[in-house]
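Asks: Here is a sequence with its predicted model. Questions after.
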Amino acid sequence: MRPVGKMLGTVGLLALLLWGCGGGGVGGGVGGGSTGGSLATIRGVVLDSAGNPVNGATVQVFANNALLAQTTTTSDGSFLVRFSLSATTTVVVTARSGNQAVATAVVAAPNAETQVTLRFAAEGPPPPPF
């Protein structure tokens, strides 16, 4: 028979591992749990100025200056975030990669999916030599 303390430790570790699976990556999110409201979904792609997918870009979703969700794009530039939302809300979706950033406002709704494409602007010409 196993000691009760050892069994509780195993159950606690399992619970911690399952809880930790909710963040980061495709489908993950800072606000990925349902904590009052229904889940809204934003699916999209991040592209460079030439239209090529951007791998590893950080995508964040904000509403009222609060971070709702965060994930990283996959090799094909795609991302998926889910977050709790109680009413239709305009959110700001941002993408960052290296020194480039882009943001756009979209309307997200509970129990609905919103599609978005984020495209980095072309970098300007190099500065003139001195």
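Replies: The structure has been received and is ready for your questions.
Asks: Only C-alpha atoms from now on, for both contacts and neighbour counts.
Replies: OK.
Asks: Flag the shaky bits of this protein, pLDDT-wise.
Replies: Counting by pLDDT under 70, the chain has low-confidence residues at 1-36, 124-130.
Asks: What ranges does it have for its helices?
Replies: 4-20 (DSSP state H).
Asks: ok, which stretches of it are strands?
Replies: Counting by DSSP state E, the chain has these strands, from start to end: 38-47, 58-63, 66-72, 78-85, 89-97, 100-108, 113-119.
Asks: Can you name the residues in contact with the fifth one?
Replies: Translated: strand 89-97. Strand 89-97 has contacts (C-alpha atoms under 8 Å, 6 or more residues apart in numbering) with 46, 54, 56-64, 101-109, 118.
Asks: Any of those buried? List them.
Replies: 46, 54, 56-62, 101, 103, 106, 108-109, 118 (16 or more other C-alpha atoms under 10 Å).
Asks: ok, of the residues you listed, which one's closest to residue 37?
Replies: When the buried ones among the contacts of strand 89-97 are ranked by distance to residue 37 (C-alpha to C-alpha), residue 109 comes first, at 10.4 Å.
Asks: Find the residue closest to that closest one in space, skipping its chain neighbours.
Replies: residue 88 (4.2 Å; C-alpha to C-alpha, 6 or more residues apart in numbering).
Asks: ok, the one you found to residue 77 distance?
Replies: Distance check for residue 88 against residue 77: by C-alpha to C-alpha, to the nearest Å, it reads 26 Å.
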